[in-house]
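> sequence first, predicted coordinates after that:
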Amino acid sequence: MSSATCRLFDFLVQLTRHLRWVGITSRKSQSKRQTAKSYPLIGVYLRLRSLNRTIQLGSGIVFSHGIHINRTCLLTVQTLKIPVQLFFQRKHMCHAMLLETVAAVPGMVGGMLLHLKSLRRFEHSGGWIKALLEEAENERMHLMTFIELSQPKWYERAIVFTVQGVFFNAYFLAYVISPKLAHRITGYLEEEAVNSYTEFLKDIDAGKFENSPAPAIAIDYWRLPKDATLRDVVYVIRADEAHHRDINHYASDIQFKGHELKEAPAPIGYH
């Protein structure tokens with residue numbers, strides 16, 4: 001084969017690869033536009049990505065589906081937070097570590113059970129496995145960040161160990177019995193997390209808590225500026241919690257309408 005023929009062959013191979021890449025990219029963009037158009041709530045999540053994950057969404061959302069169950073879930077969460085607030089009061093770091101240890105459980109439990117369901121039924125999950133596991137990993141990174149800022153004492157570790165063990169088993173059972181109930185509870189737990197971090201920000205702004213430099217792990221994970229501070233870290237974490245809150249309420253609403261999660265696309269790729 002002559003050198004000219006080889007060059008022509010290489011050119012055709014490169015051209016084919018380029019056209020294939022353009023086609024795939026175009027289909028992905030079209031799919032994302034169709035998703036945002038068909039599911040308005042998804043469109044909100046897609047737009048969040050262009051705003052550096054610092055959007056603080058509105059709180060106190062009222063959902064029309066299963067109003068009595070909603071009230072029961074909200075009352076349960078508000079009851080559980082009373083002893084936590086009495087114990088930690090304004091100890092934001094300790095409170096955050098306990099909060100993130102618990103908050104990382106729902107995504108892992110939900111993702112695991114959906115994964116097993118997908119294997120049993122030989123069907124796709126609509127992206128929800130990935131979305132829930134992303135949530136669990138994001139919550140774990142919140143915890144790793146706070147550990148860099150404050151080392152928990154032995155009794156705080158004991159509390160975390162106990163609470164996580166109890167909550168994991170309780171949430172696992174709740175998700176097996178009623179996924180829509182479990183997602184609703186998680187949505188309200190995340191709402192409380194948003195409120196908790198809002199109070200944290202207020203104390204930082206008031207000078208009651210030192211606005212120390214952000215740890216390297218937070219700067220790398222959230223792509224923050226090198227001179228970022230603790231306030232910046234808490235701000236993006238609060239935005240993450242708001243996202244988790246709305247994702248779980250959205251998942252619960254889908255199921256309250258009598259549909260399965262796989263019937264609606266999951267908002268993935270946020271973190």
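Received it, and whenever you're ready, just let me know what you need.
> host element of residue 191?
In this structure, residue 191 is located in helix 179-205 according to DSSP states H and E.
> with only the CA atoms kept, save the helix or strand following that helix in CSV.
Later in the chain than helix 179-205, the nearest helix or strand by DSSP H and E is helix 216-222. Presented in CSV, the C-alpha positions along helix 216-222 are these (Å, rounded to 0.1, in the frame of the first residue of the first chain):
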residue,chain,number,x,y,z
ALA,A,216,-7.9,21.5,50.6
ILE,A,217,-10.3,18.7,50.2
ALA,A,218,-13.2,21.2,49.9
ILE,A,219,-11.4,23.4,47.4
ASP,A,220,-10.6,20.4,45.2
TYR,A,221,-14.1,18.8,45.4
TRP,A,222,-16.2,22.0,44.8
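> quick revisit: now do the helix holding residue 191: which elements does it pack against?
Secondary-structure packing of helix 179-205 (3 or more Cβ pairs under 8 Å, 6 or more residues apart in numbering; DSSP states H and E): helix 67-88, helix 92-121, helix 154-177, helix 230-256. Quick note: C-beta positions are derived from backbone N, CA and C, even for glycine.
> so of the ones you listed, which one's packed in deepest?
helix 230-256 (a mean of 23; mean count of other Cβ atoms under 10 Å).
> between the helices and strands packed on helix 179-205, which gets nearest to residue 148?
helix 230-256 (9.8 Å; Cβ to Cβ).
> would you turn the helices and strands packed on helix 179-205 into a markdown table with distance to residue 219 and mean pLDDT?
Putting these into a markdown table (distance: least, Cβ to Cβ, whole Å; pLDDT from 0 to 100) gives the following:
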| stretch | distance to residue 219 | mean pLDDT |
| --- | --- | --- |
| helix 67-88 | 27 | 68 |
| helix 92-121 | 18 | 88 |
| helix 154-177 | 25 | 88 |
| helix 230-256 | 9 | 90 |
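> quick check: which of these is nearest to residue 264?
So among those, helix 230-256 is nearest, using Cβ to Cβ, at 5.1 Å.
> the inter-axis angle of the helix holding residue 191 versus helix 92-121?
Relative orientation of helix 179-205 and helix 92-121, computed by axes from the mean of the first three to the mean of the last three Cα atoms, to 10 degrees: 160 degrees.
> now the angle from helix 179-205 to helix 230-256?
Between the axes of helix 179-205 and helix 230-256, defined by the same axes, to 10 degrees, the angle is 160 degrees.
> quick one: contacts of stretch 209-222?
Contacts with stretch 209-222, where a contact means Cβ atoms under 8 Å, 6 or more residues apart in numbering, come from 53, 92, 141, 144-145, 148-149, 200, 203-204, 224-233, 236.
> tell me which residues in it are buried?
209, 214-215, 218-219, 221-222 (16 or more other Cβ atoms under 10 Å).
> domain ranges for the chain?
Domains of the chain are assigned by automatic domain parsing as 1-33, 39-263.
> show me which of the contacts of stretch 209-222 are buried.
53, 92, 141, 145, 149, 200, 204, 224, 228-230, 232-233, 236.
> okay, residue 74 and residue 184: tell me how far apart.
Distance, residue 74 to residue 184, by Cβ to Cβ, to the nearest Å: 9 Å.
> oops, could you answer that again for residue 170 instead?
Distance, residue 170 to residue 184, by Cβ to Cβ: 15 Å.
> same check on residue 110?
12 Å.
> now stretch 200-218: average pLDDT?
Throughout stretch 200-218, pLDDT has a mean value of 91.
> what about it, how long is it end to end?
Using Cα to Cα, to the nearest Å, the end-to-end distance of stretch 200-218 comes to 17 Å.
> do the same with stretch 114-132
One end of stretch 114-132 sits 9 Å from the other (Cα to Cα).
> which other residues reach that stretch?
106-108, 110-111, 247, 251, 261-268.
> need the helices and strands packed on helix 179-205 in TSV with distance to residue 196, can you?
Shown next, in TSV, are the helices and strands packed on helix 179-205 (distance: least, Cβ to Cβ, whole Å):
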stretch	distance to residue 196
helix 67-88	9
helix 92-121	6
helix 154-177	15
helix 230-256	9
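> can you tell me which of the ones you listed comes nearest to residue 134?
Counting by Cβ to Cβ, residue 134 lies closest to helix 92-121 out of those; the figure is 7.4 Å.
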